[in-house]
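# Got a predicted structure here, sequence first:
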Amino acid sequence: MSDDEVEALVAYARLYGYVRWFHPSDEGAVVDWERLAVLGAAEARRARTASDLQTALEDVFQPIAPTLALRPVGSGNVGWPSNQPELGARVTYWQHRGVKLGSRPSPYISRRVIVGGESKERKPLFEGSPLAVPILFVALNRDLEARLPLVLPVDQANRTSGTLAASFPALQERLATCEYVKGDLNDPAVRVAGVTILWNVMQHFFPYHAEAGIDWIAQLRPALRTALEAETPDGYRDGLCRLVARLQDGHGVFFAEMGEHPTVHEHVQTAGGLPIRVAMVGERIVVTAVRETAPFVPGDVVVSVSGVPAREVLAAREELVSGSPQLRRYRALNRFGQGPVGATLDVAVERDGVRLTIPVTLEADQRGYFSNGMQEFELPTFAEVSPGYFTSISRPAPRRNTRHISTNWRRPGA
């Protein structure tokens with residue numbers, strides 16, 4: 001993939017974020033942004049020159065932002081078009097308290113605020129607004145720069161224009177016929193759309209870039225290149241995980257699919273796991289728990305997995321985890337040796353000074369991501385802390401619970 005191709009996608013991705021979340025037009029409030037992310041990515045990929053790219057971006061975004069203007073970088077002596085909106089007493093702009101994506105319940109809210117006779121539903125969420133600087137001027141990449149209004153005038157019906165932009169219905173038709181399968185990670189446009197949305201959410205709404213010490217803008221180019229050069233959907237997902245991991249925030253987790261109980265798997269359809277739990281003991285990776293019938297023994301020292309040194313296997317898994325060094329290590333150990341379901345791994349271990357190779361055919365990974373449910377040792381359900389007083393040590397099974405309750409009834413003073 002050439003640098004020029006990456007550069008075109010960088011301009012597209014950055015403009016997408018600005019128009020979606022900060023240009024308060026009526027068109028932007030109703031357009032299908034996920035479908036547009038795919039359409040725009042496909043159009044940007046077809047551009048062969050900076051002029052082609054400018055035309056493609058205008059075709060995609062000006063139906064939503066009619067007063068958006070693009071021009072080549074370094075053409076300041078030419079000036080901008082004269083279509084900048086005139087602001088009066090009634091204007092609108094976006095405010096975001098976090099970002100809400102999808103239809104799931106969320107504590108986050110976005111609002112197009114109206115200044116001047118606003119209703120309760122359009123009042124500001126908080127102090128602060130772009131009114132002092134209502135126009136954004138920004139370089140999108142090395143070739144193009146943009147001028148985008150962040151504040152628009154509204155009429156008495158709270159519309160940003162008397163009618164939607166004339167080109168907007170045509171864009172809607174293009175979106176309706178945009179052929180893509182949602183979630184088809186073999187489609188390059190879907191891959192670019194995924195990176196575009198993820199990167200922009202973190203660029204505009206992640207609050208700790210300075211604390212993390214990361215130049216997030218610098219992450220966009222390699223993320224786009226990785227997305228398109230990944231040989232498999234799993235490789236693409238790994239790229240998204242590595243991008244999130246740059247934030248070093250344990251809240252950043254890749255969910256392969258969303259639902260009432262989302263599965264935290266990097267590769268939800270293909271993830272197989274070893275039947276063991278491991279921990280770091282000094283500099284060694286040691287088996288601490290074994291699933292029934294598995295040919296491992298607690299205390300086995302894992303030397304390698306299919307010829308790859310165990311520490312390298314762990315390091316590769318840590319690259320996919322976002323969080324502090326301690327959290328990355330913990331979650332990576334929970335998924336140590338993960339691979340495709342049905343694959344056979346040769347796990348070399350040392351046991352009592354003898355090296356053994358144990359072939360393992362991976363089944364669906366039953367180990368947790370946030371915590372590993374494989375018990376390293378069994379705790380009693382209850383412990384007597386003083387005569388006649390008991391405390392729960394582990395989550396009791398109903399029968400054991402009932403048995404101890406009946407015993408307690410016979411205790412003096414019970």
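That came through fine. Residues are numbered from 1 along each chain as shown.
# which helices and strands does whichever strand or helix holds G235 pack with?
Assigned by DSSP states H and E, G235 belongs to helix 233-245. Counting contacts by 3 or more Cβ pairs under 8 Å, 6 or more residues apart in numbering; DSSP states H and E, helix 233-245 packs against helix 188-205, helix 220-229. C-beta: built from backbone N, CA, C; applies to glycine.
# For the last one, name the packing helices and strands.
To tie it back to what came earlier, the one meant is helix 220-229. So helix 220-229, by 3+ Cβ pairs under 8 Å, 6+ apart, packs with helix 3-22, helix 188-205, helix 233-245.
# repeat that for 10 Å
With contacts taken as 3 or more Cβ pairs under 10 Å, 6 or more residues apart in numbering; DSSP states H and E, helix 220-229 sits against helix 3-22, helix 33-46, helix 188-205, helix 233-245.
# which residues of the protein score low on pLDDT?
By pLDDT under 70, the low-scoring segments of the chain are 117-118, 162-165, 256-270, 394-414.
# circling back to that earlier point, and Y12, which of the helices and strands packed on helix 233-245 is closest to it?
helix 188-205 (7.2 Å; Cβ to Cβ).
# List the contacts of V308.
V308 makes contact with A316, G337, L345, A348, according to Cβ atoms under 10 Å, 6 or more residues apart in numbering.
# Now do the phi/psi pair for the first one.
For A316, the backbone dihedrals (degrees, to the nearest 10) come out as phi -60, psi -40.
# Distance-wise, check it relative to R367.
Separation of A316 from R367 (Cβ to Cβ, to the nearest Å): 17 Å.
# Neighbour count for the two, which is higher?
Neighbour count, other Cβ atoms under 10 Å: between A316 and R367, R367 has more, with 23 against 12.
# Go ahead and confirm that one touches A332.
No. R367 is not in contact with A332 according to Cβ atoms under 10 Å; the separation is 11.4 Å.
# anything in contact with each of these two?
V278, Q338.
# and the helices and strands packed on helix 220-229 as JSON lines, adding distance to S304 and mean neighbour count?
Conversion of the helices and strands packed on helix 220-229 to JSON lines gives the following (distance: least, Cβ to Cβ, whole Å; neighbours: other Cβ atoms under 10 Å):
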{"stretch": "helix 3-22", "distance to S304": "36", "mean neighbour count": "22"}
{"stretch": "helix 33-46", "distance to S304": "40", "mean neighbour count": "21"}
{"stretch": "helix 188-205", "distance to S304": "33", "mean neighbour count": "21"}
{"stretch": "helix 233-245", "distance to S304": "21", "mean neighbour count": "20"}
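# looking at those helices, which is closest to V286?
Closest to V286 of the helices and strands packed on helix 220-229 is helix 233-245 (Cβ to Cβ; 25.1 Å).
# need the contact list for V6.
N141, L220, R221, P222, A223, L224, R225, L228.
# how near is the fourth one to S106?
In this view, P222 and S106 are 30 Å apart by Cβ to Cβ.
# Look at the two and report which has more neighbours.
P222 (14 against 11).
# my guess is the more buried one contacts R242, does it?
Yes. Using Cβ under 10 Å, P222 is in contact with R242, at 9.2 Å.
# Just list the residues touching S51, thanks.
P72, D143, L144.
# Which secondary structure element is home to it?
helix 50-61.
# starting at the chain centroid, how far to that helix?
Relative to its parent chain, helix 50-61 has a centroid offset of 27 Å by Cα atoms, centre = their mean, to the nearest Å.
# One more: stretch 97-108?
14 Å.
# how about it: buried residues?
Using 16 or more other Cβ atoms under 10 Å as the test for burial, stretch 97-108 gives V99.
# How about stretch 209-224?
Neighbour-count burial for stretch 209-224 [16+ other Cβ under 10 Å]: I214, W216, Q219, L220, R221, A223, L224.
# so which of the residues you listed comes closest to E5?
Of the buried residues of stretch 209-224, the one sitting nearest to E5 (Cβ to Cβ) turns out to be L224, at 8.9 Å.
# related to what we said a few turns ago, just send the helices and strands packed on helix 233-245 back as a markdown table, with distance to R112 too.
As requested, those are arranged in a markdown table below (distance: least, Cβ to Cβ, whole Å):
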| stretch | distance to R112 |
| --- | --- |
| helix 188-205 | 16 |
| helix 220-229 | 27 |
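# To L327, which of those lies closest?
It's helix 188-205; of these, that one is closest to L327 (Cβ to Cβ) at 18.2 Å.
# now the angle between helix 3-22 and that closest one, please.
Put simply, helix 188-205 runs at 50 degrees to helix 3-22, going by axes from the mean of the first three to the mean of the last three Cα atoms, to 10 degrees.
# Show me what stretch 276-292 is in contact with.
273-275, 294, 296-303, 305, 309-311, 313-314, 329-330, 332-334, 336-337, 347, 349-351, 358, 360, 363, 366-367, 372-377.
# From start to finish, how long is stretch 111-129 in a straight line?
12 Å (Cα to Cα, to the nearest Å).
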